[in-house]
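>>> just to be clear, the model below is a prediction. Sequence and coordinates:
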Amino acid sequence: MAFVVENPRYSCTLGGALATARNIYRTIPILHAGPGCGAQVSMGQGAAAGFQGVGYIGGNAVPSSNMYEKEVVFGGEERLRELIGSTIEVMDGDLYFVLTGCTAGIIGDDSESIVNEFRKNGHTVAHAETAGFKGNSYSGYEIAFEALFDQHVVPVAKEAAVVNIFGIVPYQDINWQGNLEEIVRLLRKLGLKPNAFLINREGIETIKNSSSATLNILISPWLAKDLARQYEEKYQIPYLRFSGLPVGPTATTEFLKEVGLKLSLDNELIQSVINEETAYVYDYLEKSADVFTRYRFAVVGDTNTVLGLSKFLVNDYGQLPTVAIITDEPLEEFRESITKELSSLEYGLPPKVVYSQDQWVIRNELVNSNATLILGSSLDKEVAQTLKIPHHSVSFPVNDRLILNHSYAGYRGSIALIEDLFAPR
Amino acid sequence: MTKSSTAVIREDRLGSITGYCGTSNDLASQSRLKCLQNADRSFTQAFQCQQMTTILTLLTIRESALIIHAPVGCTGCALAINTSFRRGQTLRGIANPVNARWVSTNLDEADIIHGGEKKLREAILSLEERYSPKVIFIATSCASAIIGDDVDNVVNQTQLEVKGKIVPIHCEGFRTKISATGYDSSYNAILEYFLEPSDVKEDDLVNVLSPISSNKLDNNEIERLINAIGLKANFVPCFSSIDDLKRITAAKASTSSCIVHGDYFMNVLDKEYGIPHTKSVMPLGIENTDKWLLELAEITDKTEEAKAFIEEEHKKIDPVLEKLRSQLKDLRAFVSGGPARAVTIASLAKELGFKIIGVHSYTFDELTEENVDALAENQEDFVFNVANMQPFEHANIINQLKPDIFIGNGTWVPKQGIPTVQVLDQLKNSLGYKGVIETGIKIVEALQNPGFNIKLSKHKKLPYRSSWYQESPIKYLKTSEVD
């Protein structure tokens, strides 16, 4: 986060927090921020991830204090108080979530106290300090959930079947909705009741009751470290990390087995789900064999996508890795194990693993690889065209197609991936 | 020494306002009497700042790179502009479009405390090393300005080490409520850093100041009209090269595809370089296109050519127009857009035979006044809402007025079940004579199948309480307190 970056592939903390907050059902985010923040992070998140629209709330409908010179000089607390009050009157929501921007952070507005005034009056509110300069979309996602944990999660009776899913960040994972849906579908088949929080009309009530879970599933080798620890300490909910997005039969089978084992689920049930799903996906993989093509692929994207696609393409689909470029800046302490995973694929030589999100560095790596296919963001299409090799968009940002519930996750997602790869754009 | 590119904010230069709700006649008369007061709002929604406007003006200039001196969130709009940039290149016949070059100084907590000047210098030097661009623009941010980074000083010191011209634009969002001020700052930068008196005068050259919202098809139409009267067009600044920018001072005249975008700079060119310009109208609608072309012809001695051409064009489009008029008779429309576009589209109503019952314009100032006057003369008094987006306000108004069609940005209104026509359509004409026909056809077709919006509105609603629709739309306009 400390470096100058060409063509950044994420938004700021506020961007990630807003992306998270507004996708919690019937949550009205309230920005205490500069006049351009709402628009900038809307364009820099949803719209940039395959033109995903604003849905219920987003873009220029998000209440925002639009801090001008007056607020910069004299403070914006009065403005915020006025805005929260008027927002509750006008906007229809179950939770009003105040997120602060750089300006409020620098001048030191005490947004928390203002929000507490409304809390005392019985309104369902939340507050998080999400000044953009604090980090990127990923820290925004974490801070948003940590704030909700702190301010809203309450002790409730444990329910054996309930599990919470964290780690898939809206828009940064371009297929976040489809991916969460597929994971939820599979976990339900195991008899579980998964909380994904960002889909299926799950709102503040789901968050409040998330302490009922018996397991937190973190789909990411590095994200949500502190959040998981907090759930563990306060509510004795252990966590299971799955490294990367589970894509394809081998990885998804592993995922279901790990979850099943951790929760001591019935082995026969787990195996029957695995058998059924595996049979389904091979019905289609079989039909793709006629037009099978082998590529030397380069993959550029967030950790989950790079791990998930690399594992499927090499372990299940006969492709050869060249370079794997991870762009979401995973915490240092986790990088060695991520690199090790990418170096322990079942076939072929291990790819070169690079951690960078700078366009210049990425381009040079791609040019110097001997890839015949680039799987990356739409920013990487330029180099693919220069090298005259096919390109398909698999990671943020995407501007060459509309993404709604598309997914590469799980068993079914691998079928969609193969279809998309056949006609690389 | 760095030259200053900071423009006077439009609130001060033009008296631009962002808060009003009333009627067209009332607005026009208040404006004429110069007693129009701005109003703040106690409930506000997010919209665009002047930094964004600066970025979208400068990012598509070829042979340049842009440093966004800010935390990383301020680069959000660059991704969207890059999409337009790539599409624009394809439309201009470039087989392998390149990405725009932008860099974020990624100001983090440490930089906020200790300052970000070192990173700014690093960004400049790294761009020089990577691309050696002819120009390196720097856009500042709320954060960089509040912490007091001395951008000009960094530029002074680093310019000696760098071949490309470093051009800082002070465009921090908090300085103005009128994001169009960003256009003025960008043009100031172009003026200060690139323009000199030209040795060569091109008597048939017209500068066309064109924002990114004016798409290639619109530019093609404008060029067709300019060529038809024996002139050549120099489209600036979007997609232009540095040489195109320098060529500005060689031109015989200037015009703009959007008066709000180009007004400031055209006046400056007139004053500093004696280049006359078209004054008040944007070529949207037949009458406006006629007026615009005649005005351009007058300042370039091409009046006869223009008159003949206009007659020919009218002969061609009148039959098509007749047909469209018969299909759009008695239609009640609500129009929304930037001040130039919103008001001129409304004048299109007269030509296509439908009625304006409401206009929402992002801002209003003396530039728009004349057009509103003309509009008010031709239409019955209609609702006029001035708001920097603030969709909650016109959602209320639209709920009351229930127009037959909404012409504007289609994010929210579809959920009110009303047929919508996108105005800023990257893939269709909206300007010139062709634009009138295209827009008319778009409206007719939206009415032929309004099914998507109708059914959508049965399943989805806007995020406002139903009580909001019972309130007055000006409930949150603070008319007594002004900043």
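Ah, there it is.
>>> alpha carbons only for contacts and neighbour counts from here, please
Will do.
>>> help me confirm that A:Pro350 comes into contact with A:Glu341.
No - counting by Cα atoms under 8 Å, A:Pro350 stays clear of A:Glu341, with 9.5 Å between them.
>>> for residue 349, what are its contacts?
No chain was given, so I picked chain A. A:320-321, A:343 (Cα atoms under 8 Å, 6 or more residues apart in numbering or on different chains).
>>> the chain in question should be chain B.
B:Ala349 makes contact with B:355-356 under the criterion Cα under 8 Å, 6+ apart.
>>> separation between it and B:Ala387?
22 Å (Cα to Cα, to the nearest Å).
>>> please name the nearest non-neighbouring residue to residue 203.
Unless you meant another one, I'm taking chain A. A:Tyr25 (4.3 Å; Cα to Cα, 6 or more residues apart in numbering or on different chains).
>>> try again with chain B
B:Lys252 (5.1 Å).
>>> please report phi then psi for that neighbour.
Reported as degrees, to the nearest 10, the phi and psi values for B:Lys252 are phi -80, psi -30.
>>> B:Val135 touches B:Glu63, doesn't it?
Yes - counting by Cα under 8 Å, B:Val135 touches B:Glu63, with 6.8 Å between them.
>>> where does the closest residue to A:Asn23 other than its chain neighbours land in three-state SS?
Spatial nearest neighbour of A:Asn23, excluding adjacent residues (Cα to Cα, 6+ apart): A:Leu198 at 5.3 Å. Here A:Leu198 is recorded as coil under DSSP: H, G, I helix; E, B strand; the rest coil.
>>> would you mind measuring from the residue nearest to B:Asp203 to chain A?
As judged by Cα to the nearest Cα, to the nearest Å, B:Lys252 and chain A stand 37 Å apart.
>>> wait, isn't that residue in contact with B:Asp301?
No - contact between B:Lys252 and B:Asp301 fails when scored by Cα under 8 Å: they sit 10.2 Å apart.
>>> can you pull the contacts of the residue in chain B that chain A sits nearest to?
Closest to chain A within chain B is B:Gly76: 3.6 Å, counting by Cα to the nearest Cα. By Cα under 8 Å, 6+ apart, B:Gly76 lies in contact with A:11, A:40-45.
>>> assumed it was part of a strand.
No - under three-state DSSP, B:Gly76 falls outside any strand and is assigned helix.
>>> so A:Ile84 is in which element?
In this assignment (DSSP states H and E), A:Ile84 forms part of helix A:77-90.
>>> state the next helix or strand along the chain beyond that helix.
strand A:95-100.
>>> who are the packing partners of the next helix-or-strand element following that following strand?
Tracing the chain C-terminally past strand A:95-100 and defining elements by DSSP H and E, one meets helix A:102-107 next. Where contact means 3 or more Cα pairs under 8 Å, 6 or more residues apart in numbering or on different chains; DSSP states H and E, helix A:102-107 is packed against helix B:142-146.
>>> list the buried residues in the helix or strand following the helix it packs on.
Using DSSP H and E, the helix or strand that follows helix B:142-146 in sequence is helix B:151-159. By neighbour count with 16 or more other Cα atoms under 10 Å in any protein chain shown, helix B:151-159 contains the buried residues B:151-152, B:154-155, B:158-159.
>>> for stretch B:187-207, same thing?
Buried residues in stretch B:187-207, counting neighbours by 16+ other Cα under 10 Å, are found at B:187-191, B:193-195, B:202, B:204-207.
>>> between B:Val135 and B:Glu63, point out the one with more neighbours.
Legend: neighbour count by other Cα atoms under 10 Å in any protein chain shown for B:Val135 and B:Glu63, higher for B:Val135 (22 against 19).
>>> report pLDDT for the nearest residue to B:Arg62 once chain neighbours are set aside.
Leaving out its chain neighbours, the residue that sits closest to B:Arg62 by Cα to Cα, 6+ apart is B:Ser241, at 4.9 Å. For B:Ser241, the pLDDT comes out at 93.
>>> what residues are up against B:Ser241?
B:Ser241 touches B:61-63, counting by Cα under 8 Å, 6+ apart.
>>> low-confidence stretches in chain A?
For chain A, the stretches with pLDDT under 70 are A:1-2, A:423-425.
>>> can you give the contact residues for the longest helix anywhere in it?
Determined from DSSP state H, the single longest helix within chain A is helix A:267-288. If you take Cα under 8 Å, 6+ apart as the criterion, helix A:267-288 is touched by A:189-190, A:249, A:253, A:256-257, A:260, A:411-412, A:415, A:418.
>>> go again with 7 Å.
Applying Cα atoms under 7 Å, 6 or more residues apart in numbering or on different chains, the external contacts of helix A:267-288 come out as A:189-190, A:249, A:253, A:257, A:260, A:411-412, A:415.
>>> cool, and stretch B:187-204?
B:3, B:5, B:7, B:167, B:169, B:231-232, B:246, B:249-252, B:265.
>>> higher neighbour count, B:Lys252 and B:Asp301?
Legend: neighbour count by other Cα under 10 Å for B:Lys252 and B:Asp301, higher for B:Lys252 (20 against 14).
>>> number of nearby residues for the residue nearest to A:Asn23?
Neighbour count of A:Leu198, defined by other Cα under 10 Å: 24.
>>> now do the phi/psi pair for it.
When quoted as degrees, to the nearest 10, the phi and psi of A:Leu198 stand at phi -110, psi 0.
>>> please apply the same query to B:Glu161.
When read as degrees, to the nearest 10, the backbone of B:Glu161 gives phi -100, psi 0.
>>> next: B:Phe239.
The phi/psi pair for B:Phe239 (degrees, to the nearest 10) reads phi 70, psi 10.
>>> mind listing what it touches?
For B:Phe239, the contact set (Cα under 7 Å, 6+ apart) comprises B:60-62.
>>> mark which of those residues are buried, thanks.
For these, a neighbour count by 16+ other Cα under 10 Å gives the buried set as B:60-62.
>>> got those as CSV, with pLDDT and secondary structure columns?
Shown next, in CSV, are these (pLDDT from 0 to 100; DSSP: H, G, I helix; E, B strand; the rest coil):
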residue, pLDDT, secondary structure
B:Thr60, 93, coil
B:Ile61, 94, coil
B:Arg62, 91, coil
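>>> residues in the stretch 301-450 of chain B within reach of chain A, list them.
Taking Cα under 7 Å from any Cα of the partner chain as the criterion, the stretch 301-450 of chain B approaches chain A at residues B:389-391.
>>> inside strands: which ones of these?
Counting by DSSP state E, no part of those is found in strands.
>>> only whichever of the residues you listed are buried, select them in PyMOL.
In PyMOL, this line selects whichever of those come out buried by 16+ other Cα under 10 Å:
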select buried, chain B and resi 389+390+391
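>>> just how off-centre is the lowest-mean-pLDDT helix or strand in chain B within its chain?
Within chain B, no helix or strand scores below helix B:366-378, which has a mean of 75 by mean pLDDT, DSSP states H and E. Put simply, helix B:366-378 sits 18 Å off its chain's centre (Cα atoms, centre = their mean, to the nearest Å).
>>> after it comes which helix or strand?
According to DSSP H and E, the helix or strand after helix B:366-378 is strand B:383-387.
>>> between that next one and helix B:366-378, how many degrees?
170 degrees (axes from the mean of the first three to the mean of the last three Cα atoms, to 10 degrees).
>>> for strand B:383-387, packing partners?
Applying 3 or more Cα pairs under 7 Å, 6 or more residues apart in numbering or on different chains; DSSP states H and E, one finds that strand B:383-387 contacts strand B:19-23, strand B:355-361.
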